[in-house]
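Chemist: mind folding the following:
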Amino acid sequence: MSIRTRQIIKLILRMLVTVLLLVWAFSQVDLGQFRRTVQTARWQYLLGVWATTAAFFWVQSVVLQLILKKQDCRVGVNTLFGASSVTALYSLFLPGFLSSGVKWYILKRHTGKGSNVLSSMLYNQVVLMVVMMVIGLAGLIFTNPAQAASPAAQQSRFLPLTCGVILVVLVLVSVLAVNDRTGGTVVRLLAAALKPLPQAAREKGRTILAQIETFQTAGWRFHMTIALINAADGFLVGFLMYLSAAMAAHVIVPPGVLIWLCAMIYVLGRLPISIANLGVREATLVTLLAGYGVEESAALLMSMILFSSLIFMAAVGVSYQLYWAIRSKHSGLPQEPGLS
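Modeler: Numbering: from 1, shown residues only. This next block holds a predicted model:
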């Protein structure tokens, strides 16, 4: 079977998963109640969702600029923000890995250092993923949704205890993996742990581990700076984004719940199982918010409002593409850093 055929099959499977999850989510909702929920929504908060989404992308651009600078690549924040916006546009049509390739191509053309750009992008994605997992686990520990679902003492303590153990292991492995003394051993152990996985997953995992090794000599201050900025972006900006969406849809839950929901949906969105995280977001919110007494129609509307933020960033990406195309036409130079 050729590579192209396998890619087509994977895309069809993702589309199928997306459709099935969306059908299930909508099947849980009374359409009449959903229409009433839409009519009573506070649409002014939609601007808050879009503004915080743009802020999240902007902070991520600042972080990537710092990482690229460590790799001897000088790129402006505006260019990075534009590349991320264009990636959001292509993510509506391409699977996550291919849409990220669009961003890599733009930055490679701008810097001329494809391997350095790849290392920087993968490093930032891994750090942000770890940070969001830490935020999500901490949120689950402090809010303990199992306690609300089941008042039994033993069951209510199991979830925070399990999350605490995973949190400690995650932080410990991450710290040791980027340390120049222990990193080599940890990376080899993680590579060995990938053996039971399918070949494609092993190759992607080894690629990520190889890029992590590039930053093992960066120093703890650099890693701490990147982690803290990502933490602020994920915790504060992500919370405000979900708070705005919840207020728009009249969803009332404790603030801590929005924090771990934001982190959980972000992490699930990195899994290559759907298109643009559609279906995963909707099914997750409809299922988990029901435990807090939130109507399925309100949870579904909240998920659609969050999805609109991707549409908003895709529109920003279209604007950047047009601007780069017009600028290259008038200057008579090759289009940079847009796509040919």
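
Chemist: per-residue confidence at the residue lying closest to R270 once chain neighbours are set aside?
Modeler: In space, and not counting its chain neighbours, R270 is closest to M129: 6.2 Å by CB to CB, 6 or more residues apart in numbering. From N, CA and C alone the C-beta is placed, and that goes for glycine too. Here the pLDDT value assigned to M129 is 93.

Chemist: in what helix or strand does M129 lie?
Modeler: helix 114-143 (DSSP states H and E).

Chemist: wait, isn't the residue nearest to R270 in contact with G269?
Modeler: No - at 10.3 Å, M129 does not count as touching G269 under the criterion of CB atoms under 8 Å.

Chemist: quick one on the thing from earlier: the residue nearest to R270: neighbour count?
Modeler: For M129, the count of nearby residues is 17 (other CB atoms under 10 Å).

Chemist: can you point out the buried residues in the top helix by length along the chain?
Modeler: For the chain, the helix with the greatest residue count under DSSP state H is helix 296-331. Within helix 296-331, the residues scored as buried using 16 or more other CB atoms under 10 Å are 296-310, 312-314, 316-317, 320-321, 324, 328.

Chemist: same deal with stretch 262-282?
Modeler: 262-269, 272-282.

Chemist: just the residues you listed: which are in strands?
Modeler: When DSSP state E is applied, these are split such that none fall in strands.

Chemist: let me know the helix or strand that A83 is in.
Modeler: Per DSSP H and E: A83 is located in helix 77-91.

Chemist: can you verify my assumption that G48 contacts A246?
Modeler: No - if you go by CB under 8 Å, G48 and A246 don't touch, sitting 10.5 Å apart.

Chemist: the more surrounded of the two?
Modeler: A246 (26 against 16).

Chemist: any idea how far I265 is from that one?
Modeler: For A246, the distance to I265 equals 13 Å [CB to CB, to the nearest Å].

Chemist: what's the weakest-modelled helix or strand in this structure?
Modeler: Sorting the helices and strands of the chain by mean pLDDT, DSSP states H and E puts helix 145-149 at the bottom, at a mean of 70.

Chemist: now do the contacts for the closest residue to V59 other than its chain neighbours.
Modeler: Nearest-residue entry for V59: D233, 4.2 Å, with adjacent residues in sequence omitted and distances by CB to CB, 6+ apart. Applying CB atoms under 8 Å, 6 or more residues apart in numbering, we find D233 in contact with 56, 59-60, 63, 128.

Chemist: in helices, which of those fall?
Modeler: Those of the contacts of D233 lying in helices (DSSP H): 56, 59-60, 63, 128.

Chemist: okay but N230 is in contact with Q125, surely?
Modeler: No - checked against CB under 8 Å, the pair N230 and Q125 is beyond contact range at 10.2 Å.

Chemist: pick out whichever of those two has more residues nearby.
Modeler: Remark: of N230 and Q125, N230 carries more neighbours, 22 against 16, as counted by other CB under 10 Å.

Chemist: what about the more buried one, distance to V49?
Modeler: Taking CB to CB, one finds N230 at 20 Å from V49.

Chemist: now, among the contacts of D233, which is nearest to R74?
Modeler: V63 (15.4 Å; CB to CB).

Chemist: just give me the neighbour total for that closest one.
Modeler: Residues near V63, counting by other CB under 10 Å: 22.

Chemist: can you pull the contacts of it?
Modeler: Counting by CB under 8 Å, 6+ apart, V63 touches 124, 128, 226, 229-230, 233.

Chemist: cool, and W220?
Modeler: N179.

Chemist: and the contacts of the helix or strand where G256 lies?
Modeler: In the assignment (DSSP H and E), G256 maps to helix 255-269. Helix 255-269 has contacts (CB under 8 Å, 6+ apart) with 129, 132-133, 135-140, 142-143, 145, 234-235, 238-239, 241-243, 246, 277, 280-281, 284-285, 288-289, 292, 306.

Chemist: any of those buried? List them.
Modeler: Counted by 16+ other CB under 10 Å, the contacts of helix 255-269 give 129, 132-133, 135-140, 143, 145, 234-235, 238-239, 241-243, 246, 277, 280-281, 284-285, 288-289, 306 as buried.

Chemist: low-confidence stretches in the stretch 101-250 of the chain?
Modeler: 148-156 (pLDDT under 70).

Chemist: do a quick rundown of the strands in it.
Modeler: With DSSP state E, counting those that start in this stretch as the definition, the stretch 101-250 of the chain shows no strands.

Chemist: now the helices for it?
Modeler: Listed in chain order, the helices of the stretch 101-250 of the chain (DSSP state H, counting those that start in this stretch) span residues 114-143, 145-149, 153-177, 183-193, 199-214, 220-232, 238-248.

Chemist: just the pLDDT at the most centrally placed residue in the chain, thanks.
Modeler: In the chain, the C-alpha nearest the mean C-alpha coordinate belongs to Y266, at 4.3 Å (CA atoms, centre = their mean). Per-residue confidence for Y266 comes out at a pLDDT of 92.

Chemist: got it, and M1?
Modeler: 62.

Chemist: ok, F34 next?
Modeler: Looking at F34, the pLDDT reads 92.

Chemist: give me the local confidence score for the residue lying closest to it once chain neighbours are set aside.
Modeler: Among residues not flanking F34 along the chain, S297 sits closest, at 4.2 Å (CB to CB, 6+ apart). On the pLDDT scale, S297 is placed at 95.
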